[in-house]
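**Student:** Structure for the following, please:
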Amino acid sequence: MTHFTPKKPLMYEILFPTLSFPLNVYAQALWKTEAELQYLHYGLWQTGFNLAQAQQAATAVLMAALPASPASVLEVGIGLGTTARRLQESGYPYTGITPDNAQILYARHRLSDLPQMPCFVHTTFEQFLPSEKFQVIVFQESAQYIKVDNLLRGCHAALDSGGQVLIMDEFSAPVCAALEAGLPNASFQILRYEDFTQQAAPSISYLIQAIEQQRAAVLYDLNLSATRLEALMHSLKQRERAYQNQSYFYKLLLLQKN
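**Tutor:** Model (predicted):
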């Protein structure tokens with residue numbers, strides 16, 4: 001049996017367990033494996049890449065797909081706040097929303113060195129009521145949690161005329177079909193549609209391996225039941241197989257409001 005000896009908690013260890021499940025598991029396992037963690041999203045892998053390099057490559061693709069600053073940005077789901085930093089430092093007026101207040105607390109801690117704290121709002125996308133319209137809305141692995149009709153309707157309402165929606169996420173085949181079918185009625189056109197499934201798929205395998213390696217620490221740190229963790233692992237392994245049999249995809253979509 002593997003024995004886990006707890007260490008004196010650091011800020012990561014204090015804040016990561018407060019994230020909503022399963023993000024708390026992902027954050028804790030990856031941080032224990034990597035010793036440093038900038039993002040929670042998937043990476044785009046190339047030969048010889050580590051996790052940080054793969055995640056940085058994914059963010060580089062996302063940043064390159066954005067309209068030029070100073071287009072105003074709404075980021076749906078803020079993760080650990082690293083993309084917020086990149087966007088604000090690049091001159092984009094920024095607002096980030098998340099239903100997980102622990103993400104906001106963590107991001108504010110990490111971004112306390114910025115001259116101006118990014119605007120973070122504790123809310124869901126469906127309940128968000130912006131005081132002004134945005135020129136671009138970014139979903140980096142957050143669109144999957146929103147029904148297609150709600151996503152398109154909410155984006156149309158929150159965007160300026162000609163505004164854009166940038167989605168970088170994983171999709172099942174039926175969701176892809178539903179999204180494509182809903183675009184004309186929602187008054188959106190596709191500007192870019194690119195498949196990154198092959199590059200993103202190793203992220204799931206890496207995450208599974210990290211959780212398995214850090215299982216004892218994750219259970220202890222998060223006061224998590226073994227049953228709940230096993231259920232999560234089963235779900236992740238199903239997703240891994242779905243990528244392998246091409247019933248799940250990782251895509252970038254850039255849409256424009258008509």
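**Student:** When you work out contacts or count neighbours from here on, use the C-alpha atoms and nothing else.
**Tutor:** Fine.
**Student:** and the longest helix for this protein?
**Tutor:** In the chain, taking DSSP state H as the definition, the longest helix is helix 226-244.
**Student:** Show the contacting residues for the closest residue to A201 other than its chain neighbours.
**Tutor:** Sequence neighbours aside, Y243 is the residue nearest to A201 in space, at 6.4 Å (criterion: CA to CA, 6 or more residues apart in numbering). The contact partners of Y243, taken as CA atoms under 8 Å, 6 or more residues apart in numbering, are 197, 201, 249.
**Student:** And the buried ones among those residues, selectable in ChimeraX?
**Tutor:** Selection of buried members from the contacts of Y243 for ChimeraX, criterion 16 or more other CA atoms under 10 Å:
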select :197,201,249
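**Student:** can you put the contacts of Y243 in TSV and add distance to L255, pLDDT and secondary structure?
**Tutor:** Output for the contacts of Y243, formatted as TSV (distance: CA to CA, whole Å; pLDDT from 0 to 100; DSSP: H, G, I helix; E, B strand; the rest coil):
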residue	distance to L255	pLDDT	secondary structure
T197	19	97	helix
A201	24	97	coil
F249	18	96	strand
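**Student:** Where do the helices of the stretch 51-200 of the chain begin and end?
**Tutor:** In the stretch 51-200 of the chain, the helices defined using DSSP state H, counting those that start in this stretch lie at 51-65, 82-89, 101-110, 148-158, 173-182, 197-200.
**Student:** Out of the ones you listed, the one nearest F125 is which?
**Tutor:** The minimum distance between F125 and the helices of the stretch 51-200 of the chain falls on helix 148-158, with 7.5 Å, by CA to CA.
**Student:** on that earlier part again, could you check how far the residue nearest to A201 is from T197?
**Tutor:** From Y243 over to T197 the distance is 7 Å, taken as CA to CA, to the nearest Å.
**Student:** Now do the shared contacts for these two.
**Tutor:** In contact with both Y243 and T197: F249, using CA under 8 Å, 6+ apart.
**Student:** Just the mean pLDDT for the longest helix of the chain, thanks.
**Tutor:** Helix 226-244 shows a mean pLDDT of 97.
**Student:** buried sites along that helix?
**Tutor:** By 16+ other CA under 10 Å, the buried positions in helix 226-244 come out as 229, 232-233, 236, 239-241, 243.
**Student:** swap in stretch 26-37?
**Tutor:** Of all the residues in stretch 26-37, those buried under the rule 16+ other CA under 10 Å are 26-33, 37.
**Student:** With pLDDT, secondary structure and distance to F139 added, can I get these in CSV?
**Tutor:** Converted to CSV, these look like this (pLDDT from 0 to 100; DSSP: H, G, I helix; E, B strand; the rest coil; distance: CA to CA, whole Å):
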residue, pLDDT, secondary structure, distance to F139
Y26, 96, helix, 19
A27, 94, helix, 19
Q28, 93, helix, 23
A29, 95, helix, 24
L30, 94, helix, 22
W31, 91, helix, 23
K32, 91, helix, 27
T33, 93, helix, 26
L37, 90, coil, 20
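**Student:** ok, so of those residues, who is nearest L105?
**Tutor:** The nearest member of the buried residues of stretch 26-37 to L105, counting by CA to CA, is A27 at 14.8 Å.
**Student:** measure the closest one to L74 for me?
**Tutor:** 23 Å.
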